[in-house]
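J.: Sequence and predicted model, in that order:
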Amino acid sequence: MTITEVPSRAELVAAARNTVPALREHAPWSERNGRLHDDAVAALAEAGMFRLRLPARYGGFESDARTVVDAVAELAAGDASAAWVVGVNAITTWMAALLPDEVQDEVFATPDVRLCGTLSPTGMGVPADGGLVLNGKWGFISGAPHSHWQVVIAVAPAPGGDFWPVMAVVPMSDLTTVDDWDTSGLRGTGSVSTVAENVFVPERRILPLPLVLAGQYASRANAASPVWRAPLLPTASALSVGTAVGLAAAAKAEFLDRLPTRKITYTSYEEQSEAPVTHLQLADAAMRIDEAFFHAHRLADLVDSKGASGAPWSAEERAVARADMGRAVRLAKQAVDLLAGASGGSSIYSSVPIQRILRDVQAITMHALMNPDTNDELYGRVLCGLEPNTLYF
C-alpha cells in the first residue's frame, strides 16, 4: 500500500504491520549481508516509514511520538534491524528539520529521503571561509548503506576561543563508508563507520549542539509544530524505544506459535503448555511486556503533550524520559530472556526467529543512550537534587 496523504495513527500502524511479511522474508539475507535487503527498504518506503518525522510541506507525516513507537514496534515483528533503521531515520530526519529552512529544502528534495547519524562527537571541524572543514570517523551509523545524508556531530571552535560540539548534515557522497559491521545483534542495520576527509561543510548546514540541546533551533517553518517543540534527548529517547518493546512482543508471538508442537524432553510432559513452569514463565514475560509498553507509551505521551503545550521541561521530566526508555528496554530484555529460555534446545537453530530476537534485544541494551543502568543512575541523580553529569539530557 502506497501512502500519499497524511494518515492517522491507526493507518500508519496498519501500514507497518503490512510490511512484516516482506521484512521477515528478507531478514535472513539482511543478517548475512550486514545491511537491509533493497526490497525491504523499498517496502518500508512504500509504507511511508521514512516519512514519519518528515515535515508535512515535503510530503511527510509529522507523526507524533506515540505513532512512531507503535509503528516501529510493529516493524520489529518482521525484522528488528529494519525497525531500528526506521527509528534512527525518524530521529535524524527530526534533527535535520531543526536547520534553516533553506537547508531543509536541499536535504529533503529527494523523494523518500533517508538519513542516518549519531550523537557521538567523533569528528573535528576547522574553520574555513564560509564554513568548516570536517575530518573524523563515526561508528554505528545505522542505515548508512541506504541513506542520502548523515547527521554528524563534531567538535569545533566556539566564540571566545573555546570548543563546543556542533551538529551538521553532510551528503553521504562526501563520506567514505568503512564496511566494519560484523556483530552479534542488529546485524541487518548496516551500522557501518563513515569517514570524513577534508569535507567542507557550509555554515548554513551547521548548528551548535549546546543551542540544539537548549531548544534553540534555526527553522522558522517548523517552529510552531508540536513535533519540533520538544528537546532533542527526550525526542530521541521516544523515537528509539519502539524496536525493543516490539521485539518483546514478537518473542511472545513466536513462543506461542511454536508452543502447540513442543513437549518438554526428558519429562512426562508431552505438551509444554501443560507444565506449570510454562504457565509461570509465560505469565511473567507477558506482564513484563505490558510494563515495557507502559513505559514506552508514557515516554511518548510526555513528549507529545509537552510539544503540544509548548511548556518548558523540568530537569525531572528530562530525566524521567531517559528513565522510561531504560526501563522499557530492561523489561523487554527480561521478557525475551524468559521466553528464549523456555523455548528449548531447538530454538538455537538459525531458522527459529527467537534466537535472533534474543541477540537483537541484547544489542539494544548495550547502546550507550539506552543502557538501563545508565538511565536509572541519571534519574536517581536528578531525584537527589544533583546536576546531571551529561550534556545528553
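T.: Now that the structure is in, tell me what you want to look at. Numbers count the residues shown, from 1 in each chain.
J.: got a list of what the residue lying closest to T183 once chain neighbours are set aside touches?
T.: Leaving aside its sequence neighbours, T183 sits nearest to A363 (Cβ to Cβ, 6 or more residues apart in numbering; 6.8 Å). All C-beta spots, glycine's among them, are computed from the backbone N, C-alpha and C. A363 makes contact with T183, S184, G185, L186, according to Cβ atoms under 8 Å, 6 or more residues apart in numbering.
J.: Look at the last one and report its pLDDT.
T.: This means L186. pLDDT recorded at L186 is 98.
J.: Now for it: which residues touch it?
T.: L186 makes contact with A80, S81, W84, S142, D360, A363, I364 under the criterion Cβ under 8 Å, 6+ apart.
J.: With distance to T265 as new columns, can those be given to me in TSV?
T.: TSV is the format used below for the contacts of L186 (distance: Cβ to Cβ, whole Å):
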residue	distance to T265
A80	29
S81	32
W84	35
S142	39
D360	27
A363	30
I364	31
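J.: Which one (most neighbours) among these?
T.: Highest neighbour count within the contacts of L186: S81, with 33 neighbours (other Cβ atoms under 10 Å).
J.: Show me what the longest helix seen in the chain is packed up against.
T.: Ranked by number of residues, the top helix in the chain under DSSP state H is helix 276-309. When contacts are defined as 3 or more Cβ pairs under 8 Å, 6 or more residues apart in numbering; DSSP states H and E, helix 276-309 sits against helix 65-76, helix 232-240, helix 242-258, helix 315-341.
J.: so how far is S351 from the closest residue to E271 other than its chain neighbours?
T.: Spatial nearest neighbour of E271, excluding adjacent residues (Cβ to Cβ, 6+ apart): K263 at 6.1 Å. Between K263 and S351 the computed distance is 19 Å (Cβ to Cβ, to the nearest Å).
J.: more neighbours, those two?
T.: Under the criterion of other Cβ under 10 Å, the comparison of K263 against S351 puts K263 first, with 15 against 9.
J.: In a helix, that one, correct?
T.: No. With DSSP: H, G, I helix; E, B strand; the rest coil as the criterion, K263 is coil rather than part of a helix.
J.: For it, which residues are in contact?
T.: Y269, E270, E271, Q272.
J.: go again using 10 Å as the cut-off
T.: Counting by Cβ atoms under 10 Å, 6 or more residues apart in numbering, K263 touches Y269, E270, E271, Q272, S273, E274, A275, G344.
J.: what's the answer for D79, then?
T.: For D79, the contact set (Cβ under 10 Å, 6+ apart) comprises 19-20, 22-28, 30-31, 36-37, 40, 44, 85, 186, 188-189, 243, 250, 353, 356, 360.
J.: show me where the protein has helices.
T.: With helices called from DSSP H, the chain shows them at 9-33, 38-46, 65-76, 80-96, 101-107, 209-213, 232-240, 242-258, 276-309, 315-341, 353-365, 372-383.
J.: Any chance of a markdown table for the ones you listed, columns distance to T118?
T.: A markdown table is the format used below for the helices of the chain (distance: least, Cβ to Cβ, whole Å):
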| stretch | distance to T118 |
| --- | --- |
| helix 9-33 | 21 |
| helix 38-46 | 20 |
| helix 65-76 | 18 |
| helix 80-96 | 9 |
| helix 101-107 | 17 |
| helix 209-213 | 12 |
| helix 232-240 | 11 |
| helix 242-258 | 16 |
| helix 276-309 | 21 |
| helix 315-341 | 17 |
| helix 353-365 | 15 |
| helix 372-383 | 17 |
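J.: Of these, which is nearest R114?
T.: Nearest of the helices of the chain to R114, taken as Cβ to Cβ: helix 80-96 at 5.7 Å.
J.: Which strands and helices lie in contact with the lowest-mean-pLDDT helix or strand in the chain?
T.: Using mean pLDDT, DSSP states H and E, the weakest-scoring helix or strand in the chain turns out to be helix 209-213, at a mean of 93. Packing partners of helix 209-213 (3 or more Cβ pairs under 10 Å, 6 or more residues apart in numbering; DSSP states H and E): strand 149-157, strand 163-171, helix 232-240.
J.: so which of these gets nearest A10?
T.: The nearest among the helices and strands packed on helix 209-213, by Cβ to Cβ, is helix 232-240 at 19.0 Å.
J.: What backbone torsions are found at P159?
T.: Main-chain torsions, P159, degrees, to the nearest 10: phi -60, psi 140.
J.: list the contacts for it?
T.: Contacts for P159 (Cβ under 10 Å, 6+ apart) come out as P208.
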